[in-house]
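> Structure for this input, please:
(2 chains)
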Amino acid sequence: MTQPTTRPGLDPAPTVAARPALEARGVSKRYGMRWALREASLSVARGELVGVIGPNGAGKTTLLSILAGETRADAGEVSLLPREIGWVPQQPALYGRLTVAENLRFFARLERTPDVDGAVARMLAQAGLEDRANDRVEALSGGNRQRVNVAIGLLSSPEVLLLDEPSTALDPRQRERLWEFLRGLVERGTAIVYSTHNVQEAELHADRVLVLADGEVVHTGSPRDLEQAVGTSGVGFEAAFVEFLCRRGH
Amino acid sequence: MRWLFLKDLQILRRSPLLVGLLVGYPIVVALLIGLALTRGPERPRVAIYNQVSQSDRTLNLGGESVDTSKYARQLYQSVDPVRVQSRDEALELVRGGEVLGALIIPPDITTKLQTGLEPATVEVLYNADDPVKAQIVQDTIKSQVQDANAALTRRFTDVALGYLRLIVAGGDFSFLGRQFHVLGLGPAERLLRGTQAELPATSSARRDVQQVIDFAQLARENLDLSDEVLASVSQPIHVDAHVVRGARSATLSSFAVALAVTVSLMFVTLLLAAGILALEREENAFRRLVRGLVSRTGLLAEKVGLAAACSLLVALLMLAGLALFVGLDPARAPLWALAASAGALAFAAMGAAIGALTRDVRAASLLAFMVSLPIAFLALVPSGTVAAGLYEGTRAVSALFPFAPSLAALRAALDGSGALLGPLAHLLVLTLVLGGAARLGLRRFG
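Alright, predicted model coming up:
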């Protein structure tokens, strides 16, 4: 077996488009004495779907929340301002006592969207929730709440969408519908970066994976690249991923 | 900011239980206080066994008759009297708990008062099962007996003064139906001077007469002072009251109103401000909002403003309701609004600080409730009830929270008891300090 050839902390230039939609360089974050993220760099092209994977505590949520501007990094830089990025946190950030349309309208107004009603109608249609527009969010299923959560992240028509564990708590059918929806966005040119602890999901729904371990980027490339790097072709991506981490002592 | 404000109002509108509590609670408090203020204290139920016959209820003091039933009526007005026909019946009622106490008036009370040879005595029986009620009975009867004693002493003094004036100036008086003439010290002195003038210059009797004249003069002059002396004896202690702190215009009812409004203002504002801020965290919306959509300070200002506005409305409605029960001066309404606004802002800043410490609405509400009660109690500790050092300590701690200055501001606004500017400035400082604490709390919020 051979050692992976990719260099930690370095994200090769994207192949989908020349100009990156989002770039982050040398991003670090410490909580007390512990490094949650160390010198992480990332570059995402328009229309690219990037999955961030890694064991629990690897720094996936920290990386995404820094990219989203929700958490302040101790070092490093991100190419876009928080307002320019769509952000979908892991827990739906919605007001349960407001309806779906009211939630969308409220955030659209705060985003200073030029045509609030048009944006709300567009998001309801995209999320397939037109018939639930006047239902209170507290009455929705977990899957539908997540769709509203994603729709709010897309209200300002961002070029980049970040999603933290978007399929957690969704049943397989809801998960499939979510990925269909996200695939549609990617086809329209939106760059999407999401984190997941589900390696098979990353294999299925990522053009490229970024592997984090102990706060460091230890691999970036397509799922096939990882399998080839480990030299376990044919045993499946999940087994290759586990083997990869084992060899690196994680 | 406007959209945040409208969103929170919309959420409040859809929380009928919360809004019902926030509106209903002050209304209930206002009604209870209003009823308490208009109804007055409950009169104790007391059995009365009056053994004095109707014909013996008049005293004759120095030829003047005094109706003792007047003093009995005063007592009956301060209790709920139950007339009984025997001491045993009175005792039975007290034992059975049907009355709190019994007053037994002996048949010889007017005779004893008339002769003054021995003091007249009334008997009081009471049930001590409930020490508070027993104390009420004792205090009520004691107070009325003291009033009667004082009134009778004044009458005795007047009679004694009449006799003294008779001795000094002379005149007629009747005793046991017979008329007597008293010469008096003044006329006696004049008579003696005339007699002395008629005596020969060498008479040895002139010196003796002179001694009697000197005695009469001395006695008359000193007895002239007896009016003041007897007046002092009849009322040895006068009360000369001066207001040291607060204002003479302060009334019990306006204090009760200020207290009720402050308590309601505190609960409504603290619970609302803490709750609506904690809701942002509970709904996971806070981090989404502050990543460029709203600043943390803006969010805080909106919560403080909303909570203060809602509670101010409730406080003004409450004041308007209480004004139906007690005499509040409507011309001072702008001052009420000013005091209530300052209090509401300080409480809202404190509520926001509590909300910034908690993760959900329930925890925020519980913490707000737990914090508010001790603050109110501390501010209400009266001077003189605890050691001086401890009292100063409670005042210092109270000054750190908005309850005491809000109460002072509202009292000043309602009836002018104390200056308004001091408490307003205090509340402004607390708003800034507590608002700063809430802002610090938001740094780790999310």
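
> C-alpha from now on. contacts and neighbour counts both.
Fine.

> okay, now residue B:370: neighbour count?
Residues within reach of residue B:370, counting by other CA atoms under 10 Å in any protein chain shown, total 11.

> any chance you could map the strands in chain A?
Ranges of strands in chain A, per DSSP state E, are A:20-31, A:34-45, A:49-53, A:75-78, A:85-88, A:160-164, A:191-195, A:208-213, A:216-221.

> Take the ones you listed and lay them out in JSON lines including mean neighbour count, mean pLDDT and distance to residue B:371.
Shown next, in JSON lines, are the strands of chain A (neighbours: other CA atoms under 10 Å in any protein chain shown; pLDDT from 0 to 100; distance: least, CA to CA, whole Å):
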{"stretch": "strand A:20-31", "mean neighbour count": "19", "mean pLDDT": "90", "distance to residue B:371": "32"}
{"stretch": "strand A:34-45", "mean neighbour count": "21", "mean pLDDT": "90", "distance to residue B:371": "36"}
{"stretch": "strand A:49-53", "mean neighbour count": "27", "mean pLDDT": "93", "distance to residue B:371": "45"}
{"stretch": "strand A:75-78", "mean neighbour count": "17", "mean pLDDT": "90", "distance to residue B:371": "40"}
{"stretch": "strand A:85-88", "mean neighbour count": "26", "mean pLDDT": "88", "distance to residue B:371": "36"}
{"stretch": "strand A:160-164", "mean neighbour count": "25", "mean pLDDT": "92", "distance to residue B:371": "37"}
{"stretch": "strand A:191-195", "mean neighbour count": "25", "mean pLDDT": "93", "distance to residue B:371": "42"}
{"stretch": "strand A:208-213", "mean neighbour count": "25", "mean pLDDT": "90", "distance to residue B:371": "45"}
{"stretch": "strand A:216-221", "mean neighbour count": "24", "mean pLDDT": "87", "distance to residue B:371": "45"}
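
> Residues of chain B that sit close to chain A?
Applying CA under 8 Å from any CA of the partner chain, we find that chain B lies next to chain A at B:3-4, B:7, B:10-11, B:14, B:283-285, B:287-288, B:290-294.

> what's around the nearest residue to residue B:174 once chain neighbours are set aside, how many residues?
The spatial neighbour of residue B:174 that comes closest, neighbours along the chain excluded (CA to CA, 6 or more residues apart in numbering or on different chains), is residue B:180 at 5.9 Å. Neighbour count for residue B:180, taken as other CA under 10 Å: 11.

> follow-up on the earlier one: by neighbours, which of the residues of chain B next to chain A wins?
Of all the residues of chain B next to chain A, the highest neighbour tally under other CA under 10 Å goes to residue B:288, namely 23 neighbours.

> Looks like that one contacts residue A:94 (just checking).
No. In this structure, residue B:288 is not within contact of residue A:94 by CA atoms under 8 Å, at 9.4 Å.

> Angles on the backbone of the closest residue to chain B within chain A, please.
When distances are taken as CA to the nearest CA, chain A reaches nearest to chain B at residue A:93, 4.5 Å away. In terms of degrees, to the nearest 10, the main-chain angles of residue A:93 are phi -100, psi 80.

> ok, now how distant is it from residue B:408?
43 Å (CA to CA, to the nearest Å).

> And for residue B:110?
Note on residue B:110: its distance to residue B:408, by CA to CA, is 52 Å.

> Which one's more surrounded, the two?
Using other CA under 10 Å as the criterion, residue B:110 and residue B:408 rank with residue B:408 on top: 25 against 20.

> Can you name the residues that contact that one?
By CA atoms under 8 Å, 6 or more residues apart in numbering or on different chains, residue B:408 lies in contact with B:418, B:420, B:423.

> okay, now the second one: neighbour count?
To tie it back to what came earlier, the one meant is residue B:420. Residues near residue B:420, counting by other CA under 10 Å, number 19.

> in terms of contact, does it touch residue B:409 like I think?
Yes. The pair residue B:420 / residue B:409 is scored as a contact, 5.4 Å apart, by CA under 8 Å.

> what sits in contact with each of those two?
Residues touching both residue B:420 and residue B:409 (CA under 8 Å, 6+ apart) are residue B:339.

> quick check: domain ranges of chain B?
The record, using automatic domain parsing to delimit domains, assigns chain B the ranges B:2-37+B:251-443, B:45-142, B:183-232.

> centre of the chain versus the longest one, how much separation?
Once both centres are worked out by CA atoms, centre = their mean, to the nearest Å, domain B:2-37+B:251-443 turns out to sit 26 Å from its chain's centre.

> mean confidence score for that domain?
Mean per-residue pLDDT for domain B:2-37+B:251-443: 87.

> Who does the residue nearest the centre of chain A form a beta bridge with?
What sits nearest the mean C-alpha location of chain A, by CA atoms, centre = their mean, is residue A:194, with 1.6 Å. Listed by DSSP bridges, the beta-bridge partners for residue A:194 are residue A:51, residue A:163.

> Is it correct that it is in contact with residue A:44?
No. Between residue A:194 and residue A:44 there is no contact under CA under 8 Å: 11.5 Å.

> Now for those two: what residues contact both?
Shared contacts of residue A:194 and residue A:44 (CA under 8 Å, 6+ apart): residue A:50.

> ok, and for the longest helix anywhere in chain A, which residues are buried?
Longest among the helix segments of chain A by residue count, using DSSP state H, is helix A:172-187. Going by neighbour count (16 or more other CA atoms under 10 Å in any protein chain shown), the buried part of helix A:172-187 is A:174-175, A:178-179, A:181-183, A:185-186.
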